[in-house]
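Engineer: Structure for this input, please:
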Amino acid sequence: MKKHYITSICLLGLLSACLNTTPEFESPWENQNSFAVEYDLRNLVTVDFFAKEGESMGESTLIEASGLARSRKNEGYLWTHQDRGNDNRIFLMDENTGETVAAYKITGMRNRDWEDIEIVTDPQDGMDYLYLGDIGDNAQVYNSYTIYKFLEPEFEPAHRGKVVDLEWEFEEFKFRFPDKSHDTEALMVDPWTGDIFLATKRDFWSMLFVAPYPQPVEEEFTLIHAGNFGFRRALAGTVSDDGLEVLIKNDDQIFYWNRTEGESFLNMMQEVPKEAPYNPVEAQGEAICFGKYGGYYTLSEYSNGITPELFHYKRIK
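Structural biologist: Model (predicted):
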C-alpha cells in the first residue's frame, strides 16, 4: 500500500463554525492532513467470518431503495428510503421477510436525492438518532447539501400498511464541499465521536469527507477533505453499533475495515480494507447495514427487470 498526503483545505472556516457553536469543543481535525491510498482490488484478503453467500429474506416492493439502517427502537426491522424522484417517506422493513410494514412522512423534510441513512447514539445526550443524507447529485451541479438528524419513529400496530404523517423535530446540517460539487451515496457516522463521514461516487477515486462533531445547525458549513480511497463508486456505507467495524460497497465489491480500541476512524480508513462476501452481486445495490448479531444486509434498486431482494450475510464466527 502506498500513502500520499495532501494538505486539507477549507479547514479554518469549519473549525471556526464548530468552535463558535460549542466554545469548549477542541477539534481533533486541526492541522490534519488528508490521505491517498492505493491497493490492488483483485488481491484483497477475504474475511472468513461472514457467510459466503447472502440469504434472501424476501422480495421488496420498493423500486429505488437507496439506504439501510437497523432500527433500535423497533426490534426486527430496518429503515430504508428511496432516492431522487420520490417523496419524503422513510420505510420500515421487516428484516426477516423484506416486507415494508409502514411508511412515515416527516413534515418539513425534503427529498431532493436521499442516498443513505445511518443510526447512531449521540455522544452528547445518549439518544439514538437517524441520519438521513440528501447528498446525491448525479450531474454534480448543486452548491449545497443537507443531512437530517432526528429520533427514529416508533412503530405501532395501527401503522401497519399505512403512510403515517409525523410532526417531528429534526436538525438540518447544511454543508458544501471544499473543492466542487460531488455525487455522494455513502454516509457513515462514528459513534465514538459523532463525526459524519461521506464517501463520493463519481470521482476518479472515491473521496472521503468529514463533518466533525458537533455539526453547526444554524449556518451552512464546509466539509473537510479527509482522504482518497483506492476504489471507485462508493454506493453505500455503514458503521457497526460499537464503532469497531465499517463496510463500504460499490457496484461489485464490499470493503471491510475494523479498528482497535483508541484508533481513530480516519486512521482505520487509511488501512488496506479486506473484502467481505457479495454473492449474489445485485443489479443495482445501493444499500447496506450491519445487523444486530454482526452480519449485514444489502438491498438493491429495481433494475433490468430484476425484482430487488433483501439479502442477509450471517456472522458465522
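Engineer: Next, work out how far apart residue 68 and residue 279 are.
Structural biologist: With the distance defined as C-beta to C-beta, to the nearest Å, residue 68 ends up 18 Å from residue 279. C-beta coordinates here come from the backbone N, C-alpha and C atoms, glycine included.
Engineer: Find the nearest non-adjacent residue to residue 113, please.
Structural biologist: Leaving out its chain neighbours, the residue that sits closest to residue 113 by C-beta to C-beta, 6 or more residues apart in numbering is residue 136, at 3.1 Å.
Engineer: host element of that neighbour?
Structural biologist: Using DSSP states H and E, residue 136 sits within no helix or strand.
Engineer: Residue 103 now?
Structural biologist: Assigned by DSSP H and E, residue 103 belongs to strand 100-106.
Engineer: rewinding a little: my guess is the residue nearest to residue 113 meets residue 184, correct?
Structural biologist: Yes. The pair residue 136 / residue 184 is scored as a contact, 6.9 Å apart, by C-beta atoms under 8 Å.
Engineer: which SS state does residue 267 fall under?
Structural biologist: Under DSSP: H, G, I helix; E, B strand; the rest coil, residue 267 falls in the helix class.
Engineer: what's the neighbour count on it?
Structural biologist: Neighbours of residue 267 under the rule other C-beta atoms under 10 Å: 12.
Engineer: which non-adjacent residue is nearest it?
Structural biologist: Spatial nearest neighbour of residue 267, excluding adjacent residues (C-beta to C-beta, 6+ apart): residue 259 at 7.4 Å.
Engineer: tell me the contacts of the one you found?
Structural biologist: When contacts are counted by C-beta atoms under 8 Å, 6 or more residues apart in numbering, residue 259 touches 243-245, 265, 267-268.
Engineer: Please convert those to TSV, extending it with distance to residue 312.
Structural biologist: Shown next, in TSV, are the contacts of residue 259 (distance: C-beta to C-beta, whole Å):
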residue	distance to residue 312
243	22
244	20
245	16
265	26
267	30
268	25
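Engineer: Out of these, which end up buried?
Structural biologist: 243-245, 265, 268 (16 or more other C-beta atoms under 10 Å).
Engineer: between the residues you listed, which is closest to residue 34?
Structural biologist: Of all the buried ones among the contacts of residue 259, residue 34 sits closest to residue 265, with 13.7 Å by C-beta to C-beta.
Engineer: Make sure that closest one is actually in contact with residue 194.
Structural biologist: No. Counting by C-beta under 8 Å, residue 194 is not a contact partner of residue 265; they are 10.7 Å apart.
Engineer: Could you report the neighbour count for residue 189?
Structural biologist: Residue 189, neighbours per other C-beta under 10 Å, totals 27.
Engineer: Over to residue 311?
Structural biologist: Look at residue 311: counted by other C-beta under 10 Å, it has 24 neighbours.
Engineer: Kindly report the same for residue 199.
Structural biologist: Residues lying near residue 199 (other C-beta under 10 Å) number 29.
Engineer: Which residues does the one helix or strand it maps to contact?
Structural biologist: If you go by DSSP H and E, residue 199 is part of strand 196-200. Under the criterion C-beta under 8 Å, 6+ apart, residues 131, 133, 135, 147, 173, 182-190, 206-211, 213, 215, 223, 226, 229, 234, 237, 248, 265, 269 lie in contact with strand 196-200.
Engineer: Which parts of the stretch 201-317 of the chain are strands?
Structural biologist: Taking DSSP state E, counting those that start in this stretch as the criterion, the stretch 201-317 of the chain carries its strands at 207-211, 221-222, 224-228, 236-239, 245-249, 254-258, 274-276, 285-290, 296-300, 309-313.
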